[in-house]
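S.K.: need coordinates for the following:
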Amino acid sequence: MIVTTALARLGAATLGLLAATGRLTRFAGATLVHTVTPPFYPREFLHACMQIGWLSLPVVGLTALFTGAALALQIYAGGARFSAESVVPSIVAIGMARELGPVLGGLMVAARVASSIAAEIGTMKVTEQIDALVTLSTNPMKYLTVPRVLAATLTVPLLVGIGDVIGIMGGWLVGVNRLDFNSATYLKNTFDYLEPWDVGSGLVKGAAFGFIVALMGAYHGMTSARGAQGVGRATKSAVVAASVAILACNYILTEVFFSA
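M.R.: Just a heads-up that it's a prediction; the model follows:
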């Protein structure tokens, strides 16, 4: 009896997970279809670009600055064990461009944007504003989801690129002022070892992470339960789901880009 009950619970949890995955996949597919079919709402898109891109720049920039600085200290301390302190500039640049810039930028945007989108759309659902859009013959997905997903997909790579530059400069500041590197030599080693695809792969990751962040926020907002508790759960679920999906997607993309 105990084994049967345990198997039944495991089966129910598995079926629930598969059903949720299917609903999310259908939602993502519908979003992509609506992205390329009219009508379009450029005003909502520009507003979303401002909210997601410009207003996220301070937190992404500060995160990248301190990450690059700490990374330089850690690499120097580790390299000193093998008399390889000179690798600090190249490793900081490659690490920021390939991994830390996109991932930490995506996670910070997820914390700020996914929660905001889920709370906003969830509140609109609770207060029946989404029903009002339907009454006015406006597709809620086109008006609420598509502009945010498109804006995040386009602006997060820009944030990642800016974060890469700030993170590398953070490493440069620490290297020159704390670790006694020559400024010209540090910058030369950075640019000599940093290849275009190192930066390009990070930007591709940024686009994927931006899509995930906005999609999770919109999905959990659209499917939130009624009431304040429902909106709270939707907000929490959006951030958790976006963060986990970003880390999983990062591994998959890294495997695809650099497995050879």
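S.K.: element containing residue 225, please.
M.R.: If you go by DSSP states H and E, residue 225 is not part of any helix or strand.
S.K.: what count of nearby residues applies to the nearest residue to it once chain neighbours are set aside?
M.R.: In this structure, residue 225 finds its nearest non-sequential neighbour in residue 233, 6.8 Å apart by CB to CB, 6 or more residues apart in numbering. Glycine gets a C-beta too; all of them are placed from N, C-alpha and C. Using other CB atoms under 10 Å, residue 233 has 16 other residues around it.
S.K.: who does the helix or strand residue 233 falls within touch, helix- and strand-wise?
M.R.: Assessed by DSSP H and E, residue 233 sits inside helix 228-258. Packing contacts for helix 228-258, counted by 3 or more CB pairs under 8 Å, 6 or more residues apart in numbering; DSSP states H and E, involve helix 101-109, helix 115-126, helix 196-222.
S.K.: quick one: buried residues of that helix?
M.R.: By neighbour count on 16 or more other CB atoms under 10 Å, the buried set for helix 228-258 is 231, 233-235, 237-239, 241-243, 245-246, 249-250, 253-254, 257.
S.K.: let me know the angle separating it from helix 101-109.
M.R.: Orientation note: helix 228-258 sits at an angle of 180 degrees relative to helix 101-109 (axes from the mean of the first three to the mean of the last three CA atoms, to 10 degrees).
S.K.: so how far is helix 228-258 off the chain centroid?
M.R.: Chain-centre distance of helix 228-258: 8 Å, with CA atoms, centre = their mean, to the nearest Å.
S.K.: please work out the average pLDDT along that helix.
M.R.: The average of the pLDDT scores along helix 228-258 is 91.
S.K.: residue ranges with poor pLDDT in the stretch 51-200 of the chain?
M.R.: Counting by pLDDT under 70, the stretch 51-200 of the chain contains no low-confidence range.
S.K.: ok, now with 80
M.R.: Residue ranges of the stretch 51-200 of the chain with pLDDT under 80: 79-85.
S.K.: before we move on, back to that, got the angle between the helix holding residue 233 and helix 196-222?
M.R.: Going by the same axes, to 10 degrees, helix 228-258 makes 160 degrees with helix 196-222.
S.K.: can you redo the helices and strands packed on helix 228-258 as JSON lines with distance to residue 183?
M.R.: Below are the helices and strands packed on helix 228-258 laid out as JSON lines (distance: least, CB to CB, whole Å):
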{"stretch": "helix 101-109", "distance to residue 183": "22"}
{"stretch": "helix 115-126", "distance to residue 183": "40"}
{"stretch": "helix 196-222", "distance to residue 183": "22"}
